[in-house]
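[1] dropping the sequence and predicted coords here.
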Amino acid sequence: MTGNILIVDDEAQLRKLLARIISLEGFKVTEADSLKAAANHLGVHAVDVVLCDVKLPDGNGVDFVKTVRANFPSSEIILLTAFGNIPDGIQAMKNGAFDYIVKGNDNERIIPLLSQAVEKATTNRKLAIKIKEKNSTGFEEIIGGSGVIKAAIKIAQKIAATDTNVLLTGETGTGKEVFANAIHSASKRSKNPFVAINCSAFPRDLLENELFGHKAGAYTSAVKDKKGLIELADKGTLFLDEIGDMHIDLQAKILRVIENGEFIKVGDEKTSKSDVRLIAATNRDLNREIQEKHFREDLYYRLNVFSLHLPPLRERADDIPLLAEQFLIFFAGRENRPNVSVTKEAMALLQRYCWHGNIRELKNVIERAIILSDRDKILPEDLPYEIQKQSTGQADNLTLSSVEKKHIAKVLLYTKGNKTRAAEFLGIGLTTLYRKLEEYHIEK
C-alpha cells in the first residue's frame with residue numbers, strides 16, 4: 001500500500017524514527033515540527049494521512065483535527081500521544097480523527113492503521129472529484145472578485161447556455177483561453193472534446209493541415225491519413241486563438257465550417273462533416289483588419305454573434321493579490337518552499353504596475369521572484385526593475401508601444417536574435433513577433 005503521509009511532531013528524533021519505519025513500508029513520508037508548518041504543507045501538497053502528536057508548541061492536535069476536516073476533507077488524521085487520555089481520545093474521534101493511538105503501546109497498530117486510513121483518503125478523493133464534476137459550472141478556474149471580472153463571468157455563463165459561436169476579445173494574457181474552456185465546460189458539449197490552437201503559431205499551409213487534416217499522399221511526407229482538429233473536435237468545441245492572424249484564404253474555409261459543418265482535407269476531393277462550436281479569440285481590432293482587407297467581414301459577423309471583451313489586468317487591480325497568491329502557491333510548492341509570502345510593500349507595487357502582459361506577465365514575475373529570492377518573503381527588490389522604479393515615477397511617461405518595443409528588443413538580445421525562442425518567451429506566435437518587429441522597426 002502506498003500513500004502520502006505527513007508526520008507532525010516537535011520531537012525530531014522520534015519524528016525521524018517514525019518516518020524511517022513508515023517509509024520502509026512503501027509510504028512517501030514528509031515531516032513537520034509544528035501545526036503551522038503542517039497546515040502550510042497541506043495547503044500546497046496532497047496528503048493522504050496526517051500522523052499528528054497531540055501536544056505541540058503552537059497548539060493541540062485534538063483541535064487541529066477540526067482544521068484538517070474543514071479545510072482538507074480528503075485527508076485523514078491519526079493522533080499520537082505519549083499518555084493515554086480517554087477524554088482526549090473521545091473528543092478527537094468526535095472532531096473527525098481516523099483514530100487515536102498511544103506512542104509505544106500501539107506501535108504494531110501504526111502500519112495497519114495507516115493502510116486503512118490511506119484507503120479511506122483515496123475513497124474520499126474520488127468521491128470529491130465526482131461531486132465536483134457533478135456540481136461544476138465551468139467557471140471555478142477563473143480567479144477574481146472585482147466588478148469587471150464578475151460582469152465578464154456573468155455574460156460568459158449566459159453564453160455557455162447557448163450553442164452559438166463566440167468571439168473573445170482583449171489584450172494578450174487576459175485569460176481568453178481560460179474563459180473559452182469555462183464556456184465549454186458549462187455548455188451542453190462539456191462531455192465532448194475541447195480542442196485549442198493558436199493560429200499565430202503556424203504558417204498558413206501548416207495551419208491548414210492542423211485544422212483540416214490530410215489524406216495519405218497529399219504531399220511527400222503524408223504517408224497516412226491524418227485527422228484535423230476540426231474533425232477531432234466533433235460534437236465539442238474548437239477554440240481558435242489569435243484568429244486575427246489567420247490567412248484570409250483559410251478564413252473562407254472556416255466560414256464554410258460555420259455555415260454547414262463541411263470541410264475538405266488537404267489532398268482530398270470529397271467533403272467531410274463535423275459538428276463543432278467555434279470560440280475564437282483575438283487581441284486585434286478586427287474592424288480595422290476588415291478595412292485593411294486582412295479579415296473577412298462575413299466571417300467576423302458569423303463569429304461575433306456573441307462577443308465578450310476581457311478586461312486588462314490594470315483595470316482589475318483588486319484581483320492581483322488573489323492571482324498572485326495562486327501563482328505563489330503553485331511555484332513555491334514546485335520549489336518545495338511552501339512558506340513563501342509576498343510583503344505588503346511588494347504587493348503594493350504589483351497592484352500599481354501597468355501589466356502590459358496582463359495575467360501571463362504577473363505569473364512570470366511571481367515565478368521569477370520565487371526563483372531569485374532565498375527568503376520566505378518576496379520583497380520589492382525581488383521584483384523586476386520596471387516594477388520597482390514605479391515608486392520614483394519613472395514609468396509614468398512610458399507609452400504601451402515604447403515599453404513593448406523595449407521589451408521585445410531585450411528578449412531578442414537575451415535569445416541572441418533567435419526569433420523562435422523570443423516568441424516563446426514573449427508568449428506570442430512567431431507571425432505576431434515578425435509583425436511587431438516590422439511595426440517597431442526593430443533591427444536584428
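    Noted; the coordinates are in hand.
[2] in this structure Glu367 contacts Phe331, no?
    Yes - with contact defined as CB atoms under 8 Å, Glu367 reaches Phe331; the gap is 4.9 Å. For the C-beta atoms, the positions are set from N, CA and C on the backbone; glycine is no exception.
[3] next, the most centrally placed residue in the chain: secondary structure please.
    By CA atoms, centre = their mean, the chain has its centre lying nearest to Glu141, at 7.6 Å. Three-state assignment for Glu141 (DSSP: H, G, I helix; E, B strand; the rest coil): coil.
[4] in contact with it, which residues?
    Val178, Asn181, Ala182 (CB atoms under 8 Å, 6 or more residues apart in numbering).
[5] do you know how far it is from Ala180?
    In this view, Glu141 and Ala180 are 11 Å apart by CB to CB, to the nearest Å.
[6] ditto for Ala196
    Taken as CB to CB, the spacing of Ala196 relative to Ala180 amounts to 7 Å.
[7] overlap in contacts, the two.
    When CB under 8 Å, 6+ apart defines a contact, the residues bordering Ala196 and Ala180 alike are Phe239, Asp241.
[8] ok, how many other residues are close to Phe11?
    Residue 11: Glu, not Phe. Neighbour count of Glu11, defined by other CB atoms under 10 Å: 15.
[9] ignore what I typed, I meant Glu381.
    Neighbours around Glu381, by other CB under 10 Å: 12.
[10] how many neighbours does the closest residue to it other than its chain neighbours have?
    Distances taken as CB to CB, 6 or more residues apart in numbering put Gln388 closest to Glu381, at 6.9 Å, once the chain neighbours are dropped. Residues near Gln388, counting by other CB under 10 Å, number 18.
[11] so who does Gln388 touch?
    Neighbour list for Gln388: Leu349, Pro380, Glu381 [criterion: CB under 8 Å, 6+ apart].
[12] hey, C-alpha coordinates of the strand or helix carrying it in CSV?
    Assigned by DSSP states H and E, Gln388 belongs to helix 385-388. Output of helix 385-388 as CSV, limited to C-alpha atoms (Å, rounded to 0.1, in the frame of the first residue of the first chain):
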residue,chain,number,x,y,z
TYR,A,385,13.3,46.8,-12.1
GLU,A,386,10.5,48.2,-14.2
ILE,A,387,8.1,47.3,-11.3
GLN,A,388,10.4,48.7,-8.6
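[13] buried ones in stretch 257-273, by neighbour count?
    Val257, Ile258, Phe263, Lys265, Val266, Gly267, Asp268, Ser272 (16 or more other CB atoms under 10 Å).
[14] can you report phi and psi for the fifth one?
    Listed backbone geometry of Val266 is phi -60, psi 130, with angles given as degrees, to the nearest 10.
[15] ok, now Val49?
    Per-residue torsions, Val49: phi -140, psi 130 (degrees, to the nearest 10).
[16] shaky segments in the stretch 251-400 of the chain?
    For the stretch 251-400 of the chain, the stretches with pLDDT under 70 are 391-400.
[17] which stretches of it form strands?
    262-263, 272-273, 277-282, 306-309, 341-342, 377-378 (DSSP state E, counting those that start in this stretch).
[18] just put these in TSV and tack on distance to Leu413.
    Output for the strands of the stretch 251-400 of the chain, formatted as TSV (distance: least, CB to CB, whole Å):
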stretch	distance to Leu413
strand 262-263	43
strand 272-273	47
strand 277-282	29
strand 306-309	34
strand 341-342	29
strand 377-378	26
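[19] quick one: which of those strands is nearest Ser74?
    Between Ser74 and these, the tightest spacing by CB to CB is seen for strand 341-342, at 24.9 Å.
[20] what is that closest one packed up against?
    helix 320-334, strand 377-378 (3 or more CB pairs under 8 Å, 6 or more residues apart in numbering; DSSP states H and E).
[21] hey, which of those is tucked in deepest?
    Of the helices and strands packed on strand 341-342, the one with the most neighbours on average (mean count of other CB atoms under 10 Å) is strand 377-378, at a mean of 19.
[22] which strands border that one, and is each parallel or antiparallel?
    Here strand 377-378 is paired, per DSSP bridges, with strand 341-342 (parallel).
[23] so what touches the strand it pairs with?
    With contacts defined as CB under 8 Å, 6+ apart, strand 341-342 is touched by Ala324, Glu325, Leu328, Leu350, Asp376, Lys377, Ile378.
[24] list the contacts of the fourth one.
    Applying CB under 8 Å, 6+ apart to Leu350 gives the contacts Ile320, Pro321, Ala324, Val342, Leu362, Val365, Leu383, Ile387.
[25] let me know the closest of those residues to Asn40.
    Nearest to Asn40 among the contacts of Leu350 is Val342, at 14.9 Å by CB to CB.
[26] which residues pair with the closest one across the strands?
    Applying DSSP bridges to Val342, the residues it is bridged with are Ile378.
[27] okay, now it: neighbour count?
    23.
[28] what's the answer for Ile359, then?
    So Ile359, with other CB under 10 Å, has 24 neighbours.
[29] apart from its chain neighbours, what residue comes closest to Val403?
    Per CB to CB, 6+ apart, closest to Val403 is His356, 5.6 Å.
[30] and that neighbour, how far from Leu426?
    Distance, His356 to Leu426, using CB to CB: 11 Å.
[31] overlap in contacts of the two?
    Listed as contacting both His356 and Leu426 by CB under 8 Å, 6+ apart are His407.
[32] show me the helices in the stretch 151-300 of the chain, by range?
    For the stretch 151-300 of the chain, the helices defined by DSSP state H, counting those that start in this stretch cover 176-185, 204-212, 229-232, 248-260, 286-291, 297-303.
[33] out of the ones you listed, which is closest to Lys28?
    Among the helices of the stretch 151-300 of the chain, the nearest to Lys28 by CB to CB is helix 176-185 (31.4 Å).
[34] ok now that closest one, how far from the chain's centre?
    Mean-position distance between helix 176-185 and its chain equals 12 Å (CA atoms, centre = their mean, to the nearest Å).
[35] ditto for stretch 412-422
    Taking CA atoms, centre = their mean, the mean C-alpha location of stretch 412-422 is offset from the chain mean by 26 Å.
[36] how about the contacts made by Thr162?
    Contacts of Thr162 (CB under 8 Å, 6+ apart): Phe306.
[37] do Arg360 as well
    Thr172, Gly173, Gly427.
[38] and the residues you listed as a markdown table, adding neighbour count?
    Shown next, in a markdown table, are the contacts of Arg360 (neighbours: other CB atoms under 10 Å):
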| residue | neighbour count |
| --- | --- |
| Thr172 | 20 |
| Gly173 | 22 |
| Gly427 | 16 |
